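Student: mind folding the following:
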Amino acid sequence: MRVTAVPITVSNRVYFYDNGVFFMQQPGGFTVVPAPVGATVHVLPVERTTVMIRDIPHYYFGGTYFVNTGEEFQVVTPPQGTIVTTIPEGVVIREIDGQEYLYYDGTFYLPVSYDGQDAYMVVEME
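Tutor: Numbering: from 1, shown residues only. Model (predicted):
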């Protein structure tokens, strides 16, 4: 079976999408990039999880949050207060006022305990 990425244009930039992963063409090949907010896709990643936020299902995979727009799924900014049990590869630890946060693509995650397991809550930082 051959898998092909689907081209998606957001703000006049061309990305490629395949099962939750976004790529951009660079000299010499393709590079994985964070999902562009506003991108729409027809198919969600197979390994996504569902997170309910204000009674609206958000679909989460690898640091990307999607919402159902009716016929497609749109990449949205991570909602504050969202708790997830996995975080994407490439997070960076940042210490602010003595507290360690995990940072990825403009989003800060606070390590928390949720239902007895390690989890991460999206928090707003200024």
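Student: tell me the gap between the helix or strand harbouring V51 and the middle of its chain.
Tutor: Assigned by DSSP states H and E, V51 belongs to strand 49-53. The chain centroid and the centroid of strand 49-53 are separated by 12 Å, computed with Cα atoms, centre = their mean, to the nearest Å.
Student: now do the strand or helix carrying Y59: distance to the chain's middle.
Tutor: Assigned by DSSP H and E, Y59 belongs to strand 56-61. Put simply, strand 56-61 sits 10 Å off its chain's centre (Cα atoms, centre = their mean).
Student: do stretch 27-44 as well
Tutor: Distance of stretch 27-44 from the chain centroid (Cα atoms, centre = their mean) equals 11 Å.
Student: and stretch 83-95, by the same measure?
Tutor: 11 Å.
Student: now do the buried residues in it.
Tutor: The neighbour-count check on stretch 83-95 (16 or more other Cβ atoms under 10 Å) flags V84, I87, P88, V91 as buried. To be clear about C-beta, it is placed using only N, CA and C from the backbone, and glycine gets the same treatment.
Student: follow-up on the earlier one: other SSEs contacting the strand holding V51?
Tutor: Helices and strands touching strand 49-53, by 3 or more Cβ pairs under 8 Å, 6 or more residues apart in numbering; DSSP states H and E, are strand 56-61, strand 83-84.
Student: quick one: A5 and F16 touch, right?
Tutor: Yes: shown here, A5 and F16 form a contact pair, counting by Cβ atoms under 8 Å, at 3.8 Å.
Student: of these two, who's got more company?
Tutor: It is F16, of A5 and F16, that has more neighbours when counted by other Cβ atoms under 10 Å, with 17 against 14.
Student: can you give me the strands in the protein?
Tutor: 6-10, 13-18, 21-26, 29-33, 40-41, 49-53, 56-61, 64-68, 73-76, 83-84, 92-96, 99-104, 107-114, 117-123 (DSSP state E).
Student: let me have the ones you listed in JSON lines, extended by mean pLDDT.
Tutor: As requested, the strands of the chain are exported to JSON lines (pLDDT from 0 to 100):
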{"stretch": "strand 6-10", "mean pLDDT": "92"}
{"stretch": "strand 13-18", "mean pLDDT": "94"}
{"stretch": "strand 21-26", "mean pLDDT": "91"}
{"stretch": "strand 29-33", "mean pLDDT": "89"}
{"stretch": "strand 40-41", "mean pLDDT": "95"}
{"stretch": "strand 49-53", "mean pLDDT": "90"}
{"stretch": "strand 56-61", "mean pLDDT": "93"}
{"stretch": "strand 64-68", "mean pLDDT": "95"}
{"stretch": "strand 73-76", "mean pLDDT": "96"}
{"stretch": "strand 83-84", "mean pLDDT": "90"}
{"stretch": "strand 92-96", "mean pLDDT": "93"}
{"stretch": "strand 99-104", "mean pLDDT": "93"}
{"stretch": "strand 107-114", "mean pLDDT": "93"}
{"stretch": "strand 117-123", "mean pLDDT": "93"}
